[in-house]
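**Student:** I need the structure of the sequence given here:
(one chain, ligands or ions: 1)
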Amino acid sequence: MSNVHGDFSDDVKILALGGGAQRKYLTLMRDDIERILIDEAVIEKRLDSMAVEIERDFPVGPMVVIILLKGALVFAADLLRRIPRPLEIECLNVASYHGGRESSGKVDFLDRHFPEVKGQHVLLLDDILDTGRTLHAVSERLLEEGAVAVHTAVLLAKDKERAEHVSADHVGFEIGDEFVVGYGLDYNGKYRNLPYVGVLKRSAAN
Ligand code: XMP
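**Tutor:** Numbers count the residues shown, from 1 in each chain. Below is the predicted model of the structure:
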């Protein structure tokens, strides 16, 4: 008789093994984390109140949401399911980090097509406000493309001086000026699926 896992690739085997394997891989990633800064339960609670704040402050009528990929993906998925109004979701691929721990200082728009925002109120979602270059560049571009107003929300904002004069209308948490991963944020493409925000060990970044 054939083994039920026998014909599958390694990835499928991991899924077939269920929760135990999932915990093992989360634990492996946990070893690279110096400390957990914001745990899952705290994030969930803050998203409840953020959604209420956004719903209260955003003008009545259509909402076009722009999600900045890939970092804001997890934040957006959890936040938007708490906003009780019809909305349209668009994604934008921008890059300023190119994989490392320091902003390159330049924001690149990677998509061939820009979402249609003319005449719309836009809610722009990003994972983290750091130098401010990304939020500034994307907000400017949205206004150039004819958006009536750009409302901004970020999960995290670093408490530091910004390269651009910009602030977010809604901030989940203010954090210190340190490199964080998890809950959508990555280092070299890793750690986005950690359910919390944590500080990466220096040794894991080499
Ligand atoms: P700026 O500097 O433009 O940064 O405000 C926004 C983008 O830079 C990335 N970023 C980080 N990514 N840990 C990360 O994983 C961090 O601590 C961090 N700080 C900035 C992020 O993609 C964000 O959208």
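
**Student:** just give the number of residues close to residue 120.
**Tutor:** Number of residues near residue 120 (other Cβ atoms under 10 Å) recorded here: 21. Where you see a C-beta, it was placed from the backbone N, CA and C, and this is true even at glycine.

**Student:** what's opposite the residue lying closest to it once chain neighbours are set aside in the beta bridge?
**Tutor:** The spatial neighbour of residue 120 that comes closest, neighbours along the chain excluded (Cβ to Cβ, 6 or more residues apart in numbering), is residue 64 at 4.5 Å. Here residue 64 shows beta-bridge partners residue 88, residue 122, assigned using DSSP bridges.

**Student:** for the spatially most central residue of the chain, what are its contacts?
**Tutor:** Centre of the chain computed as the mean C-alpha position; nearest residue by Cα atoms, centre = their mean is residue 72, 2.0 Å away. Contacts here follow Cβ atoms under 8 Å, 6 or more residues apart in numbering; on that basis residue 72 touches 125-127, 155, 184.

**Student:** phi and psi next, for it.
**Tutor:** Summarising the backbone geometry of residue 72 under the convention degrees, to the nearest 10, its torsions are phi -90, psi 0.

**Student:** just the pLDDT at it, thanks.
**Tutor:** Taken from the predicted model, the pLDDT recorded for residue 72 is 98.

**Student:** quick one: it from the ligand, how far?
**Tutor:** 7 Å (Cβ to the nearest ligand atom, to the nearest Å).

**Student:** with distance to residue 40 and secondary structure added, can I get the contacts of residue 72 in CSV?
**Tutor:** Compiled in CSV, the contacts of residue 72 are given as follows (distance: Cβ to Cβ, whole Å; DSSP: H, G, I helix; E, B strand; the rest coil):
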residue, distance to residue 40, secondary structure
125, 19, strand
126, 20, strand
127, 16, strand
155, 13, strand
184, 13, coil
